[in-house]
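Trainee: Please work out how this folds:
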Amino acid sequence: MSRSFNQQLDQHGAWRSNFAHRLQWLSRWLTENELLDQAVAERLRGLESQIRTSKVMVAFVAEFSRGKSELINAIFFAGYGRRIMPASAGRTTMCPTELGYDAMLAPKLRLLPIETRLEPHSLAYWRDQPARWTEIAIDVGDAERLAQAMAKVAEVRWVSQDEARALGFWNEETPDDNPVQDAEGRVEIPRWRHAVLNMPHPLLEQGLVILDTPGLNAIGAEPELTVSLIPQAHAVVFILGAETGVTRSDLSIWREHLVTENEGSDTRFVVLNKIDTLWDTLSTHAQIEQQIEQQRQVAAKHLDVPLAQVLPVSAQKGLQAKVHRDARLLEASRLPALEALLGQGVLGKRETMLRLAVDAGMAALRTEAERILKVRQRDLAEQALELQGLRGKNVSVIRHMRARIDQEQNEFEGSNARILALRSVQGKLLREVYAVLGRTALKADMVRLSAALKRPGVKFNVRKVYGETFDSLRNNLREVQATTAEIQSMLHTTFRQLNAEQGFTLQAPAEPDLSGFEQELSQIERSHIHYLGVGNMLKLAQADFCDKLVRALASRLRLVNEAAMTEVERWSKGASAQIDAQLKERRRNFSKRIEAIERIQNAAGSLDERLLELAAQESALAGLQQRLSEFTALIAQQGKPSATAASAGELRAAA
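Mentor: Numbers count the residues shown, from 1 in each chain. So this is what the prediction gives:
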């Protein structure tokens with residue numbers, strides 16, 4: 001029997017939590033054995049953060065009254081025994097609604113007033129302005145009060161035509177998209193621009209984020225949904241009516257907002273909802289099944305998706321079946337098949353990405369830690385060789401050796417000028433990287449794009465304008481790649497000299513590959529230009545709409561640039577951490593050598609005893625290296641969700 005999405009997410013969350021605990025144990029073990037230098041610590045923190053905070057976003061998209069909210073209730077909130085998301089007849093979800101959980105915040109519903117559209121800021125900006133949100137405390141244990149709070153997302157206002165126009169809900173040039181006026185000429189608009197529910201639901205606690213979107217008009221009026229939120233979702237569930245199939249408005253949403261060129265469809269699921277409307281007592285079971293199958297095939301053909309990703313469902317009957325524990329009705333609703341496919345498609349893809357990150361992280365961590373161990377092993381071997389040379393020597397020879405060690409130490413400390421020069425040049429080049437990818441440079445690109453879009457008339461050259469902007473952004477990344485190549489060449493040269501002069505084992509870390517960020521920019525470009533098809537040309541004639549579009553684009557591009565800068569910074573820190581670690585080990589080596597000579601001079605310990613100590617330390621280091629290899633291999637293996645999870649206790653026992 002296939003597992004439901006809830007069950008698969010439970011297992012996924014448990015694996016992430018257990019794996020994060022194992023990483024914490026490994027961090028303590030490395031610290032206890034003095035193997036946690038800055039580079040290793042950065043690797044661990046990054047990997048642990050990725051595992052702990054990784055989110056899985058599922059976006060539900062459809063035209064009005066297709067049953068999005070009811071489907072969310074059926075899949076995620078049936079345990080409350082009632083509807084949590086408003087799902088009555090007609091238009092319910094009037095504003096985009098995110099459901100997630102952040103343990104740092106109190107459980108609450110946050111509502112952003114629709115009037116914020118009048119100000120020149122994106123949703124990303126408003127997220128950091130808590131004073132502008134209306135907050136409603138929630139009690140997750142009280143289903144009735146929780147449902148009352150969530151009913152807020154369906155609230156509307158009646159405003160004049162002028163106010164509706166200013167807020168982006170009225171346009172004379174696209175009359176078919178305008179809302180219906182009442183007898184007084186007023187227009188119904190959403191009261192809220194965006195809603196965010198922070199709720200300690202078991203699934204949300206494990207990293208699930210649900211995005212419930214309003215219908216076509218609302219999506220078009222809030223470009224950030226299309227160019228930022230929906231494209232970043234790990235899966236999109238597109239809902240159709242089983243009785244109507246693919247309508248013109250459904251096809252418009254699909255083509256303009258959900259599908260881009262060269263983008264895989266493996267995370268685009270199509271749901272034919274309300275199949276219970278086809279349950280006709282005058283038709284046989286075979287005839288009903290034939291109707292459903294025919295609707296599936298037509299939908300798959302029109303939307304150009306694999307038939308296996310078009311699923312017939314009755315969300316209403318599925319919810320009813322779960323609440324009343326009716327197994328036969330639940331099977332008839334076909335909801336379990338959708339849940340199983342969501343789990344395989346969304347969580348399977350996410351787990352694959354995390355597993356690759358675990359494999360790469362463990363391999364890099366092991367390399368960094370083994371480098372420290374090899375430096376210690378080499379230093380111990382040198383100390384043993386040095387002490388063996390003292391056999392049969394008199395006091396004056398021993399005193400002379402002590403003086404030579406002091407001289408070597410002074411020369412070593414005085415040779416740091418090259419390292420300081422390296423860090424100075426490295427810092428200068430990194431500042432150039434930050435200047436190219438920083439907010440100031442991006443803002444300049446966005447200002448130029450905005451100016452081009454605001455030129456009078458219909459923008460038939462919009463593809464050219466966007467192409468030039470994204471060419472500039474890609475060139476910025478290529479410029480940064482050239483700078484990192486220059487730094488890498490400098491690191492190779494300096495490391496080679498230090499290895500020869502100081503006996504270090506420095507190795508420049510692999511240069512960051514920024515081509516993935518270029519590909520991400522190209523994907524955003526395709527999504528954006530596809531969205532700006534002929535159907536949106538009239539909207540582009542509106543300055544306010546262009547402003548919203550550019551702000552939404554800037555928010556997403558900023559994330560790409562910041563991720564690229566983080567990658568470069570991590571690489572730079574890795575190189576610096578190697579130097580710091582080997583400087584530390586060399587100073588430790590000088591201290592040990594001086595201590596050994598002093599003990600021999602003072603007869604506090606014999607030469608043979610010191611050599612035995614060194615041999616024991618070498619043996620301990622060999623054991624550490626073996627355990628490091630075993631632990632990282634074990635954790636990498638347990639990083640595969642399909643593997644049997646090893647507990648921290650088992651690791652401690654192995655240690």
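Trainee: So what's the gap between the lengthiest helix in the chain and the chain middle?
Mentor: As assigned by DSSP state H, the longest helix anywhere in the chain is helix 543-601. Its chain's C-alpha centre and that of helix 543-601 lie 20 Å apart, by C-alpha atoms, centre = their mean, to the nearest Å.
Trainee: State the next helix or strand along the chain beyond that helix.
Mentor: Sequence-wise, the next helix or strand downstream of helix 543-601 (DSSP states H and E) is helix 607-638.
Trainee: about what we covered before: for the longest helix of the chain, the averaged confidence score.
Mentor: Here helix 543-601 scores 83 as its mean pLDDT.
Trainee: low-confidence ranges in the stretch 251-400 of the chain?
Mentor: 259-266, 390-395 (pLDDT under 70).
Trainee: residue contacts, the residue nearest to L36 when sequence neighbours are not counted?
Mentor: Nearest non-adjacent residue to L36, counting by C-beta to C-beta, 6 or more residues apart in numbering: L30, 4.2 Å away. All C-beta atoms are positioned from the backbone trio N, CA, C, and that covers glycine. Contacts for L30 (C-beta atoms under 8 Å, 6 or more residues apart in numbering) come out as L36, V40, L44, A369.
Trainee: try 7 Å
Mentor: L36, V40, A369 (C-beta atoms under 7 Å, 6 or more residues apart in numbering).
Trainee: do you know how far the second one is from L634?
Mentor: Put plainly, it is V40. Distance from V40 to L634, counting by C-beta to C-beta, to the nearest Å: 17 Å.
Trainee: repeat for the last one
Mentor: Summarising the geometry, the distance separating A369 from L634, computed by C-beta to C-beta, is 15 Å.
Trainee: Just want to know which of those two has more residues nearby.
Mentor: A369 (26 against 18; other C-beta atoms under 10 Å).
Trainee: sec struct for the closest residue to the more buried one other than its chain neighbours, please.
Mentor: Once flanking residues are discounted, A369 sits nearest to L35: 4.6 Å by C-beta to C-beta, 6+ apart. Secondary structure for L35, judged by DSSP: H, G, I helix; E, B strand; the rest coil, is coil.
Trainee: L35 - how many residues pack around it?
Mentor: By the criterion of other C-beta under 10 Å, L35 has 21 neighbours.
Trainee: Double-check it against R371; I have them as touching.
Mentor: No: assessed by C-beta atoms under 7 Å, L35 is found out of contact with R371, at 9.8 Å.
Trainee: what about the strands in the stretch 51-200 of the chain?
Mentor: 56-61, 97-100, 108-113, 134-137, 156-159, 187-190, 192-198 (DSSP state E, counting those that start in this stretch).
Trainee: Any chance of CSV for the ones you listed, columns distance to R593, mean neighbour count and mean pLDDT?
Mentor: Converted to CSV, the strands of the stretch 51-200 of the chain look like this (distance: least, C-beta to C-beta, whole Å; neighbours: other C-beta atoms under 10 Å; pLDDT from 0 to 100):
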stretch, distance to R593, mean neighbour count, mean pLDDT
strand 56-61, 54, 24, 88
strand 97-100, 57, 23, 90
strand 108-113, 62, 20, 95
strand 134-137, 64, 13, 94
strand 156-159, 79, 16, 90
strand 187-190, 74, 21, 87
strand 192-198, 58, 23, 92
